[in-house]
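Peer 1: below is the sequence, then the predicted model.
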Amino acid sequence: MQSASEQWFDEAYYQRFYFDKKTSVIDVEHSRRLGDFVCSYLAYLRVPVARVLDVGCGIGLWREAVARHFPGAVYHGVEFSSYLCGRYGWQQGSVVDFRSDEPFDLVICQGVLPYLSPSDLKQALANLGRLCRGGLYVEAVSREDYDRGVIDEDLTDPRLYRHRASLYRRGLEAAHFQELGGGVWLSERCEVPMFELECRQSQA
């Protein structure tokens, strides 16, 4: 079982899923609300954010929210697609093995993980633990989302893996993240006091 090939993410892919209004999965207003929620939540928790990594940054929709909520923070976009790197100037890399000399205060990983095989997914989740010392936002559709009928399969890439939600949770907990809800996780390296009901406890 192989992860997605870099050749999948060419101009035709982004034309279908991003630029053509009839088939696009991107809702700019939704992206704005999501960015406001995640950044506001971390600001509420007093997580200091000076370095931001958007891994699988696509067309860079998170950059505006980061600039609005954390003025002065350095936004670093990493993208698997050579087409997007050439078009937007992102650094080419993969969540599976991207490395940085210094960890980031906020890491964003939206819509990337379901393209990975189980073995690559395990490596990617562990790598997020190395890359993040603060807040992490993860968005990944799971098998349960398909089973419950909350996925529009006409718009969703059929090549996605349908990993169970528990696989993501176990991997992130093993990487020393605590789930806060809404796709937001907090690294154990971030010494922010939390009330018991503000975070989900591991079921292990």
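Peer 2: Received it, and whenever you're ready, just let me know what you need. Numbering: from 1, shown residues only.

Peer 1: tell me the bridge partners for the residue at minimal distance from the centre of the chain.
Peer 2: Nearest to the geometric centre of the chain sits residue 109, at 1.3 Å (CA atoms, centre = their mean). Note on residue 109: beta-bridge partners residue 138, judged by DSSP bridges.

Peer 1: ok, it to residue 83 distance?
Peer 2: Using CB to CB, to the nearest Å, residue 109 is found at 20 Å from residue 83. C-beta: built from backbone N, CA, C; applies to glycine.

Peer 1: ok, residue 150 next?
Peer 2: In terms of CB to CB, residue 150 sits 30 Å off from residue 83.

Peer 1: the two: who's more crowded?
Peer 2: Applying other CB atoms under 10 Å to residue 150 and residue 83 shows that residue 83 carries more neighbours, namely 16 against 9.

Peer 1: right, and that one touches residue 8 too?
Peer 2: No. The pair residue 83 and residue 8 fails to qualify as a contact (CB atoms under 8 Å) at a distance of 10.5 Å.

Peer 1: burial of residue 90, as a residue count?
Peer 2: 23.

Peer 1: send me stretch 156-166 as PDB with only the CA atoms.
Peer 2: Below are the C-alpha coordinates for stretch 156-166, written out as PDB (Å, rounded to 0.1, in the frame of the first residue of the first chain):
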ATOM      1  CA  THR A 156     -13.900  14.200  -2.100                       C
ATOM      2  CA  ASP A 157     -10.800  12.700  -3.700                       C
ATOM      3  CA  PRO A 158     -11.600   9.000  -4.000                       C
ATOM      4  CA  ARG A 159      -8.000   8.000  -3.500                       C
ATOM      5  CA  LEU A 160      -8.000   8.900   0.200                       C
ATOM      6  CA  TYR A 161      -7.300   6.200   2.700                       C
ATOM      7  CA  ARG A 162     -10.100   5.600   5.100                       C
ATOM      8  CA  HIS A 163      -8.100   5.300   8.400                       C
ATOM      9  CA  ARG A 164     -10.000   5.000  11.600                       C
ATOM     10  CA  ALA A 165     -10.200   8.000  13.900                       C
ATOM     11  CA  SER A 166      -8.600   5.900  16.600                       C
END
